[in-house]
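**Student:** sequence and predicted structure below; questions after.
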Amino acid sequence: MKMSDSTLARLGWRRFFYEQVSAEQSRDCQPVRVISVHRGRVTVSGDGFEGSISSSLPEPGGADDRATVGDWLLIDRSSRSLVRILDRTSVFKRPAPGDDRRVQLIAANVDTLFIVSSCDRDFNVARIERYLVLAREAGSRPVVVLTKADLSPAPERFVEAAQALQAALRVELVNGRDPTSAARLTGYCGFGETVALVGSSGVGKSTLVNTLRGSDSIATQTVREDDGKGRHTTTVREMHRLDGGGWLVDTPGMRELQMSEVASGVTEVFDDVTAVALACRFSNCTHVDEPGCAIHAAMAAGDIDSARVERWRKLVQEDAANSSAAAHRRSRRGNVGNRR
């Protein structure tokens, strides 16, 4: 295995992963990348090998020991069995829907996160902020992609609303069905680069993937007329190769995204609010009705928006609750392991 291997480089192999592999592992194992995830198994691709293998280590200890789309794995050269999941440059995960005791991995080793929203009733500032927190916490570059520009009489107002959420935030306005319009996104999808798409159902993620790939192989559906919401079309997480050498990760639509252990992401996305909070009279101020609350003083003076403060407060509270549950999960797994 060489650092300069063209097949691995095409898949996104870089020095960060190469330096994790010892000489012995390089002799006995080969690196492969997870292209898609199915129940209990993953399809992988590497130098001279493409196939399906188990997604779990022989003795998994938790969700992080299960491979997800975008992961780099070491597999045994002879048996093709999973030996190791390499450390990730980034990983997106959330509490599993309906069960806060489990964690669901979404994607790993993502360079750029396309936060897809549409220029219609789906546009939701609070939802975009949540995805921004997720991206910042994971260490991926967020780009807000506004679709259906051709269906809005004034798409510029959506761009302005998105750009106001964070300084220097990249916002791209596209018609997902038009290859020329969608081409402005190809700069984020260069050779070996990995881009993931997130957003609620019906915003045009699958249409955008089809346009960027020059294919209509990804199923799409129309938006319901009664509430403007879409139906789920993507059912598996999968990487799609682009002509320019990059990779797109399509994910099932997620209308609800819970935050867990994202305190630094919240701080970065809401840096204006957290900076004011530091001036509060009490270090444990809840910013509700305490005397000397700098947040209330700033809202009264019109320096910060009360709606933005309320969204910040909700995310802080949600993160605290979910992070406590995550700590409990780890403690419980540790206790079980000690009893064995």
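**Tutor:** Noted; the coordinates are in hand. Everything numeric in this text was worked out from a predicted model, so none of it was measured.
**Student:** low-confidence ranges in the stretch 151-300 of the chain?
**Tutor:** Along the stretch 151-300 of the chain, segments meeting pLDDT under 70 span 215-236, 251-260.
**Student:** can you map out the helices along it?
**Tutor:** With helices called from DSSP state H, counting those that start in this stretch, the stretch 151-300 of the chain shows them at 156-163, 179-182, 205-213, 263-269, 271-277, 294-301.
**Student:** and of these, who's closest to Ser55?
**Tutor:** When those are compared by C-beta to C-beta, helix 205-213 sits nearest Ser55, at 22.7 Å. Placement of C-beta: from N, CA and C, glycine included.
**Student:** quick one: list the elements packing against the closest one.
**Tutor:** Counting contacts by 3 or more C-beta pairs under 8 Å, 6 or more residues apart in numbering; DSSP states H and E, helix 205-213 packs against strand 141-147, helix 179-182, strand 194-198, strand 238-241, strand 247-250.
**Student:** OK, contacts around the residue of the chain most remote from its centre?
**Tutor:** In the chain, Pro291 marks the outermost C-alpha relative to the chain mean, sitting 38.8 Å out by C-alpha atoms, centre = their mean. Residues near Pro291 by C-beta atoms under 8 Å, 6 or more residues apart in numbering: Arg281.
**Student:** then Leu113?
**Tutor:** Leu113 sits next to 92, 131, 134-135, 138, 140-143, 195-198 when contact means C-beta under 8 Å, 6+ apart.
**Student:** the spatially most central residue of the chain and Phe17, how far apart?
**Tutor:** Most central in the chain under C-alpha atoms, centre = their mean is Phe92, positioned 4.7 Å from the mean C-alpha point. Remark: distance between Phe92 and Phe17 (C-beta to C-beta, to the nearest Å) = 18 Å.
**Student:** equivalent analysis for Val116, please.
**Tutor:** Note on Val116: its distance to Phe17, by C-beta to C-beta, is 28 Å.
**Student:** the two: which is more packed in?
**Tutor:** When neighbours are counted by other C-beta atoms under 10 Å, Val116 and Phe17 differ, and Val116 comes out ahead with 27 against 20.
**Student:** pairing partners for that one in the sheet, please.
**Tutor:** Val145 (DSSP bridges).
**Student:** residue contacts, it?
**Tutor:** Residues near Val116 by C-beta under 8 Å, 6+ apart: Val145, Thr147, Leu197, Val198, Gly199, Val203, Gly204, Lys205, Leu208.
**Student:** if you set the cut-off to 10 Å instead, what comes out?
**Tutor:** The neighbours of Val116, taking C-beta atoms under 10 Å, 6 or more residues apart in numbering as the test, are 122, 128, 131, 143-147, 172, 174, 176, 197-200, 203-205, 207-209, 253.
**Student:** just to revisit the earlier point, leaving out sequence neighbours, find the closest residue to the residue nearest to the centre of the chain.
**Tutor:** Distances taken as C-beta to C-beta, 6 or more residues apart in numbering place Ile106 nearest to Phe92, at 4.0 Å, with adjacent residues excluded.
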